[in-house]
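A.B. asks: Here's a sequence, model it:
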Amino acid sequence: MALVDTFSFDPAELAQPRLRPNPPDYIADSALYNAVRVAVLLKQPLLLTGEPGTGKTQLAYKVAADLAKDTNGDFLPAPLVFPTKTTSSAMDLFYTYDAMGHFHAAHLQNRKEAPQAAEFIQLQALGQAILLSQNPVPDRYQSLPGIDGTKPKGSVVLIDEVDKAPRDFANDLLNELDRYEFTVREDGSRTYRKGDAHPIIVMLTSNSEKNLPDAFLRRCVFFHIEFPDSAQLKKIVLQQVFSQDPRYPQVQQAVENRLDEYINRFIELRGINLKKKPATSELISWLFFLRNDILADISLAKLPVDTRLSGLSILAKHPDDLARLKTDL
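C.D. replies: Coordinates of the predicted model:
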């Protein structure tokens with residue numbers, strides 16, 4: 001293995017923007033589309049499962065972006081996200097209170113007026129959604145993201161990786177998602193309820209790390225996102241990696257033909273006994289890294305060894321997997 005004492009990068013590489021998911025580029029099959037419609041029409045949460053990297057989280061961004069476009073801005077264009085933790089409680093969905101900060105301001109800072117509790121309330125995803133649905137939005141929360149004067153908005157709330165939380169979290173969610181109201185005890189026990197005219201669409205993701213309570217599952221619309229087949233993977237890659245590249249229209253047919261080879265190889269690698277199989281997100285990153293070679297119609301076998309080795313660092317997430325994939329170069 002050659003030794004390197006200096007890192008050197010092409011300025012164009014350094015200027016290349018980070019690869020980020022673009023909600024309009026999300027591709028859903030008809031079954032997933034119908035599951036979203038059922039959840040919206042029934043006003044029930046949509047629970048999504050599937051292996052990591054299959055697009056569960058990004059679906060919420062796609063739905064929010066499409067709703068904002070279709071309703072002329074009556075919906076927030078991005079979801080309000082609650083990243084579930086192992087210590088999360090149902091009340092954390094609405095707000096958190098910085099008791100230590102309030103105490104410090106009240107007793108240790110030289111302030112002319114006593115600090116108000118509202119200064120130390122941090123609204124979370126479902127609390128923000130409820131207040132954004134009201135008409136008018138309460139004055140004390142006019143600084144919420146997405147506020148347009150006093151105009152209420154609907155929103156998508158994403159409760160991400162719900163299976164990380166304690167078991168009671170899912171059970172407690174049943175009442176919270178039925179009532180759509182919460183009381184801020186620390187701020188004069190003010191109670192806030194969802195407005196009638198603007199919907200809140202709740203989506204939850206689970207990596208199936210542990211079983212969720214049956215009572216909770218009965219109250220959700222459920223959909224399992226299967227890993228895409230080769231044709232679906234090709235559509236996803238073309239949309240997210242190549243469609244916006246100005247070079248693509250001139251070499252479209254060659255790229256599409258060449259992609260079959262790369263995607264088939266990716267599927268072969270997933271069939272190897274790995275500790276962690278690469279997911280759709282890794283495929284997108286891998287082909288984004290190799291996009292110049294694919295646009296130049298270079299076969300996988302003719303890539304320089306260093307390039308192929310670098311690509312394996314995207315696909316493998318464990319030392320044993322990396323060693324295993326190197327033997328298949």
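A.B. asks: Dead centre of the protein: give me the residue that sits there.
C.D. replies: Closest residue to the average C-alpha location of the chain: Thr57 at 3.1 Å, with C-alpha atoms, centre = their mean.
A.B. asks: Now name the helix or strand holding that one.
C.D. replies: Secondary-structure element containing Thr57, defined by DSSP states H and E: helix 56-70.
A.B. asks: Contacts for whatever helix or strand comes next after that helix, please.
C.D. replies: Note on helix 56-70: by DSSP H and E, the next helix or strand toward the C-terminus is strand 80-83. By C-beta atoms under 8 Å, 6 or more residues apart in numbering, the list of residues contacting strand 80-83 from outside reads 60, 88, 92-93, 124-126, 128-129, 155-161. Bear in mind the C-beta positions are built from the backbone N, C-alpha and C, glycine included.
A.B. asks: In its sheet, which strands sit next to strand 80-83, and in what direction?
C.D. replies: strand 155-160 (parallel) (DSSP bridges).
A.B. asks: which outside residues touch the partner strand?
C.D. replies: Applying C-beta under 8 Å, 6+ apart, the external contacts of strand 155-160 come out as 45, 57, 60, 63-64, 67, 75-76, 79-84, 93, 125-126, 128-129, 132-133, 146, 173, 198, 200-205.
A.B. asks: Could you check whichever helix or strand comes after it and say which residues are buried?
C.D. replies: Toward the C-terminus, strand 155-160 is succeeded by helix 167-179 as the next helix or strand (DSSP H and E). Neighbour counts over helix 167-179 (16 or more other C-beta atoms under 10 Å) mark Phe169, Ala170, Asp172, Leu173, Leu174, Glu176, Leu177 as buried.
A.B. asks: Give me the average confidence score over helix 167-179.
C.D. replies: For helix 167-179, mean pLDDT rounds to 84.
A.B. asks: Show the subsequent helix or strand relative to that helix.
C.D. replies: strand 181-184.
A.B. asks: So which elements touch that next one?
C.D. replies: strand 95-97, helix 125-132, strand 190-193 (3 or more C-beta pairs under 8 Å, 6 or more residues apart in numbering; DSSP states H and E).
A.B. asks: Adding mean pLDDT, distance to Asn257 and mean neighbour count, write these out as JSON lines.
C.D. replies: What follows is the helices and strands packed on strand 181-184, written out as JSON lines (pLDDT from 0 to 100; distance: least, C-beta to C-beta, whole Å; neighbours: other C-beta atoms under 10 Å):
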{"stretch": "strand 95-97", "mean pLDDT": "88", "distance to Asn257": "53", "mean neighbour count": "17"}
{"stretch": "helix 125-132", "mean pLDDT": "90", "distance to Asn257": "44", "mean neighbour count": "25"}
{"stretch": "strand 190-193", "mean pLDDT": "87", "distance to Asn257": "57", "mean neighbour count": "14"}
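A.B. asks: So for Arg20, which of these sits nearest?
C.D. replies: Among the helices and strands packed on strand 181-184, helix 125-132 comes nearest to Arg20, with 20.8 Å by C-beta to C-beta.
A.B. asks: Contacts for that closest one, please.
C.D. replies: By C-beta under 8 Å, 6+ apart, helix 125-132 touches 76, 79-82, 93-95, 123, 137-138, 141, 144-147, 152-155, 157-159, 176, 180-182, 192-194, 198, 200, 202.
A.B. asks: which other residues reach stretch 208-215?
C.D. replies: Applying C-beta under 8 Å, 6+ apart, the set of residues contacting stretch 208-215 from outside is Leu47, Thr49, Val162, Asp163, Lys164, Arg167, Ala170, Asn171, Leu174, Ser206.
A.B. asks: What is the nearest of those to Ile267?
C.D. replies: Nearest to Ile267, judged by C-beta to C-beta, of the contacts of stretch 208-215 is Thr49 at 21.5 Å.
A.B. asks: and the closest one, how far is that from Lys62?
C.D. replies: 17 Å (C-beta to C-beta, to the nearest Å).
A.B. asks: pretty sure Ala279 contacts Lys56?
C.D. replies: No. If you go by C-beta atoms under 8 Å, Ala279 and Lys56 don't touch, sitting 10.7 Å apart.
A.B. asks: Buried subset of the contacts of strand 80-83, written for ChimeraX?
C.D. replies: Only the buried entries of the contacts of strand 80-83 go into this ChimeraX selection, using 16+ other C-beta under 10 Å:
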select :60,88,92,93,124,125,126,128,129,155,156,157,158,159,160,161
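A.B. asks: Neighbour count: Ala279 and Lys56, which is higher?
C.D. replies: Lys56 (24 against 19; other C-beta atoms under 10 Å).
A.B. asks: quick one: the more buried one and Leu48 touch, right?
C.D. replies: Yes. At 4.4 Å, Lys56 counts as touching Leu48 under the criterion of C-beta under 8 Å.
A.B. asks: Spit out the residues that contact these two alike.
C.D. replies: Taking C-beta under 8 Å, 6+ apart as the criterion, Lys56 and Leu48 both touch Thr205, Ile225.
A.B. asks: The longest helix seen in the chain - contacts with which helices or strands?
C.D. replies: Identified as the longest helix of the chain according to DSSP state H is helix 252-270. Applying 3+ C-beta pairs under 8 Å, 6+ apart, one finds that helix 252-270 makes contact with helix 230-237, helix 280-289, helix 291-295.
A.B. asks: Since that was my last question, I'll sign off now.
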